Each structure stands twice: as structure tokens, then as C-alpha cells.
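> With the input below, show me the fold.
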Amino acid sequence: MKKLLKTAAVIGLCLSTLAGCGGGETTAAVDLNALSVDEIIEKAKEDGKIESVGMPDTWANWVETWEEIEELYGIAHQDTDMSSAEEIALFKTEGEDATKDIGDVGQAFGPVAEEEGVTLKYKTSYWDSIPDWAKDDDGDWIIGYYGTMTVLVNNKIVKETPTSFEDILNGDYMVAVGDVQAATQAQFAVLAAAIAYGGDESNIDPGLEYFRKIAEQGRLDLGEFTQARIEKGEVGVAFLWDYNALGYRDQFVENNPDADFSVFVPEEASIQSGYCTIINSYTKRPYAAALAREYILSDEGQINLAKGYAKPVRDVELPEEVKAKMIPDEQYANARMVEDQAAWDETAKTLGTRWQEEVIAYAK
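Predicted coordinates:
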């Protein structure tokens with residue numbers, strides 16, 4: 001999947017790769033911010049299609065947004081799923097021969113894309129209702145949704161449903177984290193645990209100590225981190241972004257009405273991270289790309305993302321049936337965004353190695 005990557009290490013790989021890539025100046029200096037939404041809509045209809053990267057139908061309910069854009073504006077869509085670093089590298093490598101128009105990248109990759117010169121500025125008409133932390137100064141990248149580290153619980157296995165990191169530590173069931181060497185999601189699980197026990201982006205030690213204790217108990221699952229294994233009951237709890245955990249929960253019940261899974265945000269603390277759209281500065285269809293971003297940040301687009309269990313970046317009123325499937329807002333009280341990205345990037349560079357040496361080495 002596109003999101004299962006080592007954030008900091010991949011950023012480094014992206015930058016080193018791009019340094020040797022072709023490219024050059026963009027095909028045209030299109031000032032999207034100087035156009036009205038109506039003007040963009042008319043020009044987007046002329047573009048006639050849009051090709052995205054890293055925005056597949058199955059992720060965060062992108063499918064509904066793409067279907068509505070085609071229905072409303074006659075703009076056909078096609079996606080190629082890839083990682084954030086791959087998206088940026090593709091934009092840079094193709095350059096003037098661009099085949100893709102817009103991408104969805106991890107929060108840390110927005111500034112990377114801007115630095116590499118592969119972003120086209122567009123603020124959208126919703127600019128003032130987008131939090132400052134979720135956008136750059138002129139629309140090179142804008143976060144559309146975000147996730148929070150949560151825990152998916154198999155209540156058929158776990159007798160007393162936990163609500164905290166401490167509860168999990170005192171349990172007697174298997175705990176799945178994923179591959180900390182390769183998966184951003186797993187790395188953020190360790191960061192969440194670190195914050196819960198007094199650490200932060202520059203001090204991951206408490207998180208490693210927490211999972212080492214679970215490993216020493218013989219409870220750290222070392223098998224492949226898959227939806228199928230979780231569904232089969234091979235683990236009691238699994239650390240996942242909330243939109244993944246909630247999606248799994250509902251899918252498991254759909255597959256088996258007797259299944260009993262719940263999702264919670266750890267009481268002590270948790271960590272959040274967003275995903276942002278970047279419009280390819282070399283795109284041959286800039287207006288279709290701008291219209292897509294406009295729609296993604298509209299009330300309708302934000303609700304579509306919420307239907308895919310993601311947290312919309314704008315404060316929009318969600319339909320009751322959508323709210324009912326989400327985690328109650330009060331559980332997010334102690335969750336926060338990354339506050340020191342530079343420190344986290346440095347920590348993540350060695351986290352995979354430290355996980356092997358300080359956690360896996362103690363597994364029973």
C-alpha cells in the first residue's frame with residue numbers, strides 16, 4: 001500500500017533520487033489563484049480528464065469523489081497507486097512529458113514536493129476555513145484529511161476491553177504493531193507510545209521501552225501484519241490509523257455478523273498525521289487538477305472522506321449516519337499532530353534499527 005513507508009528514510013531517498021532526475025522548467029506559468037471557481041470549472045471541462053497518483057478508489061473513499069466529479073463536470077478519472085516519494089519522483093522525472101496531474105502525499109512530503117519544484121499553487125475557495133497547520137502559505141500543498149493512531153480490539157479474544165496503553169501492557173493477548181522498519185503506520189504507533197510515557201519526537205526511548213516490555217512478555221506479534229490475520233483472531237489488538245481500524249471493523253462485521261471488534265484512541269496520548277494534495281507543476285491538465293482539489297475541500301468532498309473514516313480537515317457538519325460510525329470526539333482530547341517534524345525525521349531514520357535491537361531482540 002502507498003502509505004506503508006519509512007517516512008524519513010524515504011524522504012532522504014526521494015531527495016537523492018530527484019537530484020539526478022531530468023525535468024527543468026514547468027510547461028507554463030499557470031496562475032490558478034488568479035481565476036474564479038467558475039473559470040476553473042469551465043477550463044476543467046475542456047481538460048476533460050484527470051489522472052491522479054496515490055488516490056485509489058479503496059483509500060478514504062476516494063471513489064465517491066471521483067464519481068461525483070465525473071457526474072457533475074464530465075471529467076473522467078484514472079489513478080495509479082504509489083507511495084508519496086514515488087509520486088514526487090514521477091512528477092520530477094516526467095517533467096514536461098507529464099502524464100499525471102495530482103497526487104496525495106503524506107504530510108511530511110508536502111514541503112518536499114514544494115522544495116523540488118513539482119507543485120502548482122492553488123488555495124481553493126475554502127482557504128480561510130482550512131487550519132493554518134494544514135496548508136503552506138500559498139497553496140503548494142493542502143492537507144485534506146488526517147488520521148489518529150488508534151487500537152483495534154478483537155473483543156472475542158480480549159476479555160476486558162482496554163482503553164489505554166497501560167491496559168494493553170497489563171493484558172494477556174497478542175499485540176500487533178506492524179513492521180517498524182518499513183511502515184509509517186507502525187513507526188507512529190511507537191511515537192504515540194513514547195508520547196504517552198513522557199517522550200516526544202526527539203525522544204523515542206519510552207515508546208521502545210513500552211514495546212520491549214510487551215516483547216519480553218511474549219506478546220508481541222511477529223507475524224505478517226495483515227487484515228486477514230487480524231480478522232482470523234491471530235492477535236488481540238492491533239495499532240492502526242483510525243480510518244484503517246474503523247474500515248477493518250466494519251468489513252469484519254460485514255463478512256461475519258458474529259464478529260465483535262471495537263476501536264479506541266489511547267487515553268494517555270496519541271499522534272496524528274495528515275495527507276495533502278499536490279498539483280503537478282508540469283501537468284497538462286491544471287484546471288482539472290485544481291477543480292479536483294476544490295471539490296476535495298468542499299463540504300461534499302470532506303464528507304466523502306469521512307465516509308471513508310478519515311477525519312476531514314475542515315470543520316464540516318457530518319450526516320448522522322456518518323458520525324455514528326466514527327470514534328466519539330472526546331476520545332481525541334489527548335491526540336496531537338507532530339510538533340517537531342525535523343526532530344521526528346531524524347528519529348525515524350534510526351527507528352527501524354533500534355526497533356530490531358531494543359525490541360525484537362527481546363521477543364519470546
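> all contacts plus neighbour counts: C-alpha atoms, from now on.
Will do.
> ok, now how distant is the closest residue to residue 331 other than its chain neighbours from residue 254?
Sequence neighbours aside, residue 265 is the residue nearest to residue 331 in space, at 5.8 Å (criterion: Cα to Cα, 6 or more residues apart in numbering). From residue 265 across to residue 254, the span is 23 Å (Cα to Cα, to the nearest Å).
> Between the two, which is the more surrounded one?
More crowded of residue 265 and residue 254, by other Cα atoms under 10 Å: residue 265, with 27 against 11.
> give me phi/psi at that one?
phi -90, psi 120 (degrees, to the nearest 10).
> surely it meets residue 333?
No: under the criterion of Cα atoms under 8 Å, residue 265 makes no contact with residue 333, lying 9.2 Å away.
> hmm, which helix or strand of this protein has the shakiest average pLDDT?
helix 7-19 (a mean of 46; mean pLDDT, DSSP states H and E).
> Next SSE downstream of it?
helix 37-47 (DSSP states H and E).
> quick one: whichever helix or strand comes after that next one to chain centroid distance?
Where DSSP H and E defines the elements, the next helix or strand beyond helix 37-47 is strand 49-53. Strand 49-53 sits 19 Å away from the centroid of its parent chain (Cα atoms, centre = their mean, to the nearest Å).
> residues of the helix or strand following strand 49-53 that come out buried?
Next along the chain after strand 49-53, taking DSSP H and E as the criterion, comes helix 62-73. The neighbour-count check on helix 62-73 (16 or more other Cα atoms under 10 Å) flags 62-66, 68-70, 73 as buried.
> and what of stretch 298-316?
298-314.
> now do stretch 151-162
151-155, 157-158, 161-162.
> any idea how far residue 64 is from residue 105?
Distance of residue 64 to residue 105, computed by Cα to Cα: 19 Å.
> actually residue 93, not the one I wrote
Residue 93 is 17 Å from residue 105, by Cα to Cα.
> And these two? Which one has more around it.
Higher neighbour count among residue 93 and residue 105: residue 105, with 29 against 18, using other Cα under 10 Å.
> Could you report the pLDDT at the nearest residue in space to the more buried one that is not next to it in sequence?
Nearest residue to residue 105, sequence neighbours excluded (Cα to Cα, 6+ apart): residue 84, at 4.7 Å. On the pLDDT scale, residue 84 is placed at 87.
> Please apply the same query to the one 3 residues further on.
Note for residue 87: predicted pLDDT of 94.
> Where does it sit, in terms of helix or strand?
Residue 87 belongs to helix 84-94, assigned by DSSP H and E.
> Report the distance from the longest strand along the chain to the chain centre.
In the chain, assigned by DSSP state E, the strand with the most residues is strand 142-154. Chain-centre distance of strand 142-154: 8 Å, with Cα atoms, centre = their mean.
> taking the mean pLDDT, what do you get for stretch 134-153?
Here the average pLDDT along stretch 134-153 is 96.
> roughly how far out does it sit from the chain middle?
7 Å.
> Report the buried residues of that stretch.
Buried-residue list, stretch 134-153, by 16+ other Cα under 10 Å: 134-136, 139-153.
> what's the first-to-last distance across that stretch?
End-to-end span of stretch 134-153 (Cα to Cα): 30 Å.
> Repeat that for stretch 356-364.
Chord length of stretch 356-364, first to last residue, is 13 Å (Cα to Cα).
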